[in-house]
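J.: let me see the structure of the following:
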Amino acid sequence: MDRGLKGKAALVSGASKGIGRAIVQRLVAEGMQVLGIARGGCDVPGAIGFALDLRDPAAPEAAVGHAVRDFGRLDLVVNSAGATQRGDFLALTDEAWADSYAGKFFAAVRLTRAAWPHLKAAQGSVVHIAGAGGKIASADFTIGGSVNAALMNLTKALADRGVQDGVRVNCINPGSIRTDRLTGRIRTAMQEQGLDEAGAAAFLAKSTGVARFGEPEEIAATVAFLASAEAGYIQGAILDVDGGWIRAV
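T.: Coordinates of the predicted model:
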């Protein structure tokens, strides 16, 4: 299916692995020019990789400048960077909170702000990758949950601005997606429950009430849809791609 993305330009953060890498791969396959940024760079064939630590307040401006110089335009920004720290609330330090907010929330704020004039010129769009934890609170995910909730609120606020400027802003909440981070949780469950890998994966999936874990490519496909003209009337949406984990209205 031709989504009308060929020749357009995208900037994707968190592009070195997992969901971010899958997004870069999908957008390249759609014919987009893609700059993938991450602390370790991005080695997806067909994309330009740029090593940047978005916790540095100056990095987002540098990333946008790089994209515009290379492509001459910018049509899409995907904020997929930032792993937040898990742990008991009483054990999490101020440094852990500050680092998690800097790497995910403030990185998204700064990258979107730097890109906005170019997105306005191109009548482009922004997609935030937040997470189901922003809607489902848990004691060991206080940082991640609050960061994801903040990204959802930011989505609505920027969509309000986007109506005026012609920039669409939407958010995806992935559920349990089979990434390196989830693989670590599966290994922990194997040890704690005495299960093999398949059994531990099934145990974890059942504990969240879903039939299976999602794949990074499924999130990437949703990004491609939201960036396309087919989604032209979707503005300020919070889209749960979680296998049915979130059941609240």
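J.: check whether C42 sits in a helix, strand or coil.
T.: Following DSSP: H, G, I helix; E, B strand; the rest coil, the label given to C42 is coil.
J.: in this structure it contacts F50, no?
T.: Yes - at 7.2 Å, C42 counts as touching F50 under the criterion of Cβ atoms under 8 Å. (C-beta placed from N, C-alpha, C; glycine too.)
J.: and those two? Which one has more around it.
T.: More crowded of C42 and F50, by other Cβ atoms under 10 Å: C42, with 23 against 19.
J.: shared neighbours of C42 and F50, anything?
T.: Shared contacts of C42 and F50, defined by Cβ atoms under 8 Å, 6 or more residues apart in numbering, are found at G36.
J.: and the helix or strand encompassing A198, what does it pack onto?
T.: Applying DSSP states H and E as the criterion places A198 in helix 197-207. In terms of contacts (3 or more Cβ pairs under 8 Å, 6 or more residues apart in numbering; DSSP states H and E), helix 197-207 is packed against helix 180-193.
J.: which residues touch the helix it packs on?
T.: 17-18, 83, 176, 195-197, 199-201, 203-204, 213.
J.: give me the angle between that helix and helix 197-207.
T.: Comparing the axes of helix 180-193 and helix 197-207 via axes from the mean of the first three to the mean of the last three Cα atoms, to 10 degrees yields an angle of 100 degrees.
J.: contacts only, for the nearest residue to G49 once chain neighbours are set aside.
T.: The shortest distance from G49 to any non-neighbouring residue, by Cβ to Cβ, 6 or more residues apart in numbering, is to C42 (3.6 Å). With contact set as Cβ under 8 Å, 6+ apart, C42 has these partners: V12, A15, S16, R21, V24, G36, I48, G49, F50.
J.: again, only this time at 7 Å
T.: Counting by Cβ atoms under 7 Å, 6 or more residues apart in numbering, C42 touches A15, S16, V24, G36, G49.
J.: how near is it to A63?
T.: According to Cβ to Cβ, to the nearest Å, C42 stands 11 Å off from A63.
J.: R73 reaches A10, doesn't it?
T.: No - R73 is beyond contact range of A10, at 10.3 Å (criterion: Cβ atoms under 7 Å).
J.: okay then, goodbye and thanks.
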